[in-house]
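> Provided below are the primary sequence and the corresponding predicted coordinates.
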Amino acid sequence: MSTTSYKKLPYEYGFSSPEISVFKTQQGISKDVVKIISAIKDEDDKMLSFRLRAYQYFIDQPLPTWGPNLSDINFDNIFYYLKPSDKESHKWEDVPTDIKNTYDKLGIPEAEKQYLGGVKAQYESEVIYGSLMKKLSDQGVIFCGMDEALKKYPKLVWQYFGKIVPPDDNKFASLNSAVWSGGSFIYIPKNVHVDLPLQTYFRINSQKMGQFERTLIIADEGSFVHYIEGCTAPIYSTDSLHAAVVEVFVKKNARVRYSTIQNWSTNVYNLVTKRAQIEENGVMEWVDGNLGSKVTMKYPSNILAGRGAHAEVLSIAVASGIQHIDAGAKAIHLAPNTTSRIVSKSISLNGGHSSYRGVVYISKGATNARSKVVCDALILDKNSRSDTYPINKNSESSAFIEHEATVSKIGQDQLFYLMSRGFSQNEAEAMIVNGFVEPIVKELPMEYSLELNRLINLQMEGSVA
Amino acid sequence: MKYQQILNQPHDVQNFTKNILVKSGETINLESIMEFTAPHTTGNTLIKAVVMPGGNLTLKGIIKIKKTAKESQAFLKHSVLLIGTDSRAVSIPELEIENNDVHASHASAIGPVDPDQLFYLMSRGFSRPVALDLIIKSFLA
């Protein structure tokens, strides 16, 4: 019998461009840094006081004591704001050359032409490129950078901003609220169906960078939108920090699908707070691919506030080497007939550590609510580790929560069957791994599922023992 | 209540089963830990509970499989029936697996009495309270 060792493909997005900045704050965070960021953005007092309040919460709160080890993050070592360009361009030709080359290598302009309804590109702290199909803007769809939205539609932004992720929610949400910059603002008017996905692409280029974007999506009654985000960064020996806040409001009968392909390099701490509030008969779907980063802590939360609301979380994590991916989901059922489904798949290899951490809570009065949680984990070698930490809380006796989880290696009988059909051991193992993640990969748009498949496709080196 | 079992002998097989009836106004916390340190071990935890109106139940079940416990099998199950309108239950099944050559799984369900079962028994002439009583007894039996 041969033994197989597994390796992830080499990280393809590890290249960096020379650092360009129009403005950069000093290292570390202080009240002054917060004030400078606010001043650069020419914000009103309301936002400045919001930032300063959040800064105080950030200082006051301790690091979370549960979950992955975060004690290595040196908050004084990080650059909290870097402005790479003076303005947001609406044509790729106008984007500064170095930045444009980066996005060319990542294939973004090509993707935009072929299958996207709108694109934002965030480089370091600012959105440097944005476009939206004319058809969509004519229908009243708003897709712009968060900073631009605050200037153009202050009333709409303040109605929702920080409402489901308040600035004192957790240490990293507070940090984001204090120094946030960039991110996307999306508003879909009543009954508008956006057929082509909207995408934002996040790129960290400099060393010791912190990226703190803030995304706000409002889907008005009966509308639909599919939003995709992708993230990459160069490989450095020093750590970078990415702490985003995402708020999604799904109104009556609306549906939002939020897909993430997180492929940071393995020196990025990815600590993200994502939350959605779903009203009557609304549907929220998260498709969450976690492949990169050094440490990820991400638990998309769903607050099912209206009768008949539905939430779905499909998440996949691949942890290799030093990576610790702590992902999961939350579903909070507050109304009758609400349903949620959480499917999590994780693969640990090469000493990687993946965890599922989740909460399902059904409050009293949420009659006939239903929730189902399935987590499956594959451990490919003896140095890797997988944990499952779910909490299922049911306070409504007509409601039903189901939870199941399994952890195993590649099944010997599956392997034997495939090999008896003439596949080599490597081919058979690759097939089993692909089959394991298939239910989630198939939910992504074609181009992304190919990309994800390729990323997960493990490079296996067989040797005869 | 806390129960801990350690499987530290090769080929050890241990089962832990518990049936719990949480009466009205009662609060019960139960924590079960099964730790696997030796190879070829098998451990099963099965907990069934019925929570009467006004009862409160918290179940925590931990499976830990250490690096040394090769080819071990672990399973944990929490089944909870909620009766009436004011009963609550929390289930926290945890897995910590440090080894790839294992099969570990858990399942947890918290829900009401199946209305079909209740309907069937009532169609056979049992009154609602008697039918409910039969279902609870057979669930815990």
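Good, I have the coordinates.
> residue boundaries of the helices in the chain?
In the absence of a named chain, this looks at chain A. With helices called from DSSP state H, chain A shows them at A:31-40, A:45-60, A:97-106, A:108-115, A:134-138, A:146-152, A:154-160, A:171-179, A:412-420, A:425-441, A:446-456.
> if you could check chain B rather than the one you did, that'd help
Taking DSSP H as the criterion, chain B carries its helices at B:115-123, B:128-140.
> rewinding a little: what's the most buried one of the helices of chain A?
helix A:171-179 (a mean of 26; mean count of other C-beta atoms under 10 Å in any protein chain shown). Any C-beta I mention is one placed from the backbone N, CA and C, and that applies to glycine too.
> Ramachandran angles for B:Glu71?
When quoted as degrees, to the nearest 10, the phi and psi of B:Glu71 stand at phi 50, psi 40.
> number of nearby residues for it?
14 (other C-beta atoms under 10 Å in any protein chain shown).
> just to revisit the earlier point, any idea which of the helices of chain B gets closest to chain A?
helix B:115-123 (9.5 Å; C-beta to the nearest C-beta).
> contact partners of that closest one?
B:128, B:130-132, B:134-135 (C-beta atoms under 8 Å, 6 or more residues apart in numbering or on different chains).
> Let me know the angle separating it from helix B:128-140.
Counting by axes from the mean of the first three to the mean of the last three C-alpha atoms, to 10 degrees, helix B:115-123 points 130 degrees away from the direction of helix B:128-140.
> Of all the residues in helix B:115-123, which ones are buried?
Within helix B:115-123, the residues that qualify as buried are B:118, B:121, counting by 16 or more other C-beta atoms under 10 Å in any protein chain shown.
> can you pull out the strands in chain B?
B:2-7, B:13-22, B:27-36, B:42-51, B:56-65, B:72-82, B:88-97, B:102-112 (DSSP state E).
> In TSV, list those strands along with distance to A:Ser259.
What follows is these, written out as TSV (distance: least, C-beta to C-beta, whole Å):
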stretch	distance to A:Ser259
strand B:2-7	42
strand B:13-22	42
strand B:27-36	38
strand B:42-51	37
strand B:56-65	33
strand B:72-82	33
strand B:88-97	27
strand B:102-112	29
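> circling back: Serialize the helices of chain A to CSV and add fields for distance to chain B and mean pLDDT.
Conversion of these to CSV gives the following (distance: least, C-beta to the nearest C-beta, whole Å; pLDDT from 0 to 100):
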stretch, distance to chain B, mean pLDDT
helix A:31-40, 39, 93
helix A:45-60, 28, 94
helix A:97-106, 34, 82
helix A:108-115, 37, 78
helix A:134-138, 43, 90
helix A:146-152, 37, 92
helix A:154-160, 32, 94
helix A:171-179, 24, 95
helix A:412-420, 10, 92
helix A:425-441, 13, 84
helix A:446-456, 18, 69
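> B:Gly54 is nearest to which of these?
When the helices of chain A are compared by C-beta to C-beta, helix A:171-179 sits nearest B:Gly54, at 36.7 Å.
> which residues sit against that closest one?
By C-beta under 8 Å, 6+ apart, helix A:171-179 touches A:29, A:33-34, A:37, A:50-52, A:54-55, A:57-58, A:61-64, A:80-81, A:162, A:165-168, A:210, A:212, A:214, A:243-245, A:271-273.
> low pLDDT regions in chain B?
Judged by pLDDT under 70, chain B has no weakly predicted residues.
> And for the closest residue to A:Arg357 other than its chain neighbours, the neighbour number?
Nearest residue to A:Arg357, sequence neighbours excluded (C-beta to C-beta, 6 or more residues apart in numbering or on different chains): A:Gly328, at 4.0 Å. The number of residues packed near A:Gly328 is 26, by other C-beta under 10 Å.
> Chain A contacts on chain B?
For chain B, the residues in contact with chain A (C-beta under 8 Å from any C-beta of the partner chain) are B:51, B:67, B:80, B:82-112.
> Could you dump the strands of chain B into a markdown table and include mean neighbour count?
Formatted as a markdown table, those follow (neighbours: other C-beta atoms under 10 Å in any protein chain shown):
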| stretch | mean neighbour count |
| --- | --- |
| strand B:2-7 | 15 |
| strand B:13-22 | 15 |
| strand B:27-36 | 18 |
| strand B:42-51 | 21 |
| strand B:56-65 | 22 |
| strand B:72-82 | 23 |
| strand B:88-97 | 23 |
| strand B:102-112 | 22 |
